[in-house]
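1. would you be able to build a 3D model of this:
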Amino acid sequence: MSAITGITRGGEVWTPKFIIDLNQGNCIGCGRCFKACPRDVFDLVEREDADLDEDDFDDDDDDGFSDDTSMVMSLKNMLDCIGCEACSRVCPKNCMTHAEQDVSA
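-> Okay, the predicted model is just below:
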């Protein structure tokens with residue numbers, strides 16, 4: 001099987017790597033990936049970890065936001081991903097997993 005490829009303006013062959021997973025356990029909800037994404041791939045949602053206790057949240061940072069509710073990114077529409085990997089380049093916690101896709105898929 002061959003992977004989906006494209007050609008850059010400079011004539012170089014380029015293989016996009018599409019997002020296949022987002023590790024919400026590592027996500028800090030900073031929104032950098034949301035801002036960097038040229039498509040509508042991400043959405044900010046409430047963290048669904050039921051095992052977090054109040055000691056996991058530090059409200060001493062004086063950022064003006066309450067840390068009572070933790071927000072994380074989720075994959076809203078990963079089929080809109082164009083494989084640019086901009087989200088991974090700006091993510092401080094390396095939450096994204098990307099992979100090449102076969103032409104037949």
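
2. going forward, measure contacts and count neighbours with C-alpha atoms only.
-> Fine.

3. the strands in this structure, which residues?
-> 6-7, 13-14, 18-22, 42-46, 71-75, 96-99 (DSSP state E).

4. contacts for the fifth one, please.
-> Under the contact criterion Cα atoms under 8 Å, 6 or more residues apart in numbering, strand 71-75 has outside partners 21-22, 24, 27-31, 34, 41-47.

5. who's the closest spatial neighbour of residue 15, skipping the chain neighbours?
-> residue 5 (4.4 Å; Cα to Cα, 6 or more residues apart in numbering).

6. so how far is residue 13 from that neighbour?
-> Separation of residue 5 from residue 13 (Cα to Cα, to the nearest Å) stands at 7 Å.

7. so which of these two has more stuff around it?
-> residue 5 (15 against 11; other Cα atoms under 10 Å).

8. got the contact list for that one?
-> Residue 5 makes contact with 13-16 under the criterion Cα under 8 Å, 6+ apart.

9. quick one: the helices in the chain?
-> With DSSP state H as the definition, the chain shows helices at residue ranges 32-36, 86-90.

10. next one: the last one to chain centre, how far?
-> Spelled out, it's helix 86-90. Here helix 86-90 shows a centroid-to-chain-centroid distance of 8 Å under the convention Cα atoms, centre = their mean, to the nearest Å.

11. for that helix, packing partners?
-> helix 32-36 (3 or more Cα pairs under 8 Å, 6 or more residues apart in numbering; DSSP states H and E).

12. cool, the first one as well?
-> Counting by 3+ Cα pairs under 8 Å, 6+ apart, the packing neighbours recorded for helix 32-36 are strand 42-46, helix 86-90.

13. burial count for residue 24?
-> Neighbour count of residue 24, defined by other Cα under 10 Å: 18.

14. from residue 99, how far out is residue 21?
-> 9 Å.

15. and what of residue 71?
-> On the measure of Cα to Cα, residue 71 and residue 99 end up 26 Å apart.

16. between these two, which has more neighbouring residues?
-> Neighbour totals were compared for residue 71 and residue 99, and residue 71 leads with 18 against 15 (other Cα under 10 Å).
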